[in-house]
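Structure, please.
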Amino acid sequence: MASRTPTVGFDLDMTLIDSRPGIHAVYTRLAADTGTYIDADAAVSRLGPPLEWELAHWFPEDQVEEMARRYREIYPTYAITRTPALPGADDAIRAVQELGGRAIVVTAKNAPQAAMHLTHLGIEPDELIGGLWAEAKAEALRAHGAEVYVGDHTGDVRGAHTAGALSVAVPTGPIGADELRAAGADVLLADLTEFRPWWKTYAANGRTRG
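A predicted model of the protein is given here:
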C-alpha cells in the first residue's frame, strides 16, 4: 500500500443506511400535519437529492423553506429508530480503518440528523460532513484528500469524479446497476458486503485504478 494515509468517503442515505422507512414516516406525518397530499412511496423511491427538491413536488415554492424546517423538526421522532443499516455498512467503515485509513461520510442530509443515524446504529466514521449534494460533495472530498467515494446515486458518481476520486457505486438505492455504470462508476459492487474484499485487493495493489 502507498504510504499516504488513504481516505474513503461514503454517502449515507441508501449507501450506509436504508432511510426509506424513516423518511416515509416523516412524509406521512408532514402530510397529516399540513393537510397536503404527499405520495410518500414516490418520495422514498427517489432519495438522494436535497430535501427541498422533493418538497417542491408537493408544496408551492414559497412554502418549501418552511416545510423543510417542519420536516427536520419531526425527523428525529419519526425517522431515527425506523432506519436500519444496510448490509455491510459498519464493516465497510471498519475495513478502511483497520487498514490504517480514514473513513468519512459526505451526505446531502444535514449533519446533526446524519450524526443521529450513525450514533443510533453504532457506525463510527472518522468525520461527517453534511449538506452537500452531487458535484458539491467534491468540496469535502478534496478537503479531506479522499481518493475513493462510495455512493448509490449518479450524483455520487459525479461528486467522486469532480473531486478526482475513484467512484465506487452500489445499486442499493433508487438507481440501478446499468445506470450507475453508464454514469461512469469506476467500480460496481452489489452492496457493501463486497466492499471489504474489494478494498483489501485495491489496497494490496497499491491503490491504483487498474
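
elements contacting the helix or strand of the chain with the lowest mean pLDDT?
Taking mean pLDDT, DSSP states H and E as the measure, the helix or strand of the chain with the lowest value is helix 195-204, at a mean of 95. Helices and strands touching helix 195-204, as assessed by 3 or more C-beta pairs under 8 Å, 6 or more residues apart in numbering; DSSP states H and E, comprise helix 89-98. Backbone N, C-alpha and C define where each C-beta goes, glycine included.

Name the residues of the helix it packs on that are buried.
Neighbour counts over helix 89-98 (16 or more other C-beta atoms under 10 Å) mark 89-90, 92-93, 95-96 as buried.

from the chain's centre, how far out does it sit?
15 Å (C-alpha atoms, centre = their mean, to the nearest Å).

neighbouring contacts of that helix?
6, 8, 10, 15-17, 102-103, 121-126, 150, 192-193, 195-196, 199-200 (C-beta atoms under 8 Å, 6 or more residues apart in numbering).

list the contacts for G88?
Counting by C-beta under 8 Å, 6+ apart, G88 has contacts 191-196.

Pipe those residues into CSV and attach neighbour count per row.
Output for the contacts of G88, formatted as CSV (neighbours: other C-beta atoms under 10 Å):
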residue, neighbour count
D191, 16
L192, 26
T193, 15
E194, 17
F195, 25
R196, 17
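
Distance to W58 added to the residues you listed, as CSV?
As requested, the contacts of G88 are exported to CSV (distance: C-beta to C-beta, whole Å):
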residue, distance to W58
D191, 31
L192, 32
T193, 35
E194, 36
F195, 35
R196, 40
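
ok, for A42, nearest residue in space, not its chain neighbours?
H57 (7.9 Å; C-beta to C-beta, 6 or more residues apart in numbering).

Find the helix or strand that that neighbour is a member of.
Taking DSSP states H and E as the definition, H57 sits outside all helices and strands.

Do a quick rundown of the helices in this structure.
Per DSSP state H, the chain carries helices over the ranges 20-34, 40-44, 51-55, 61-79, 89-98, 111-121, 137-143, 154-162, 177-182, 195-204.

ok, now which residue in this protein is the farthest from the centroid?
Largest separation from the mean C-alpha position in the chain: G35, at 30.1 Å (C-alpha atoms, centre = their mean).

Now do that residue against H24, distance only.
As defined by C-beta to C-beta, to the nearest Å, G35 lies at a distance of 18 Å from H24.

got it, and D18?
Going from D18 to H24 by C-beta to C-beta gives 11 Å.

now do T193
25 Å.

Same drill for D18 and H24, tell me which one is more crowded.
Neighbours per residue (other C-beta atoms under 10 Å) separate D18 from H24, with D18 holding more: 21 against 18.

where in the protein is pLDDT low?
Scanning the chain for pLDDT under 70 picks out the ranges 1-3, 208-210.

domains for it, by residue range?
Using automatic domain parsing, the domain ranges for the chain come out as 7-18+84-204, 20-79.
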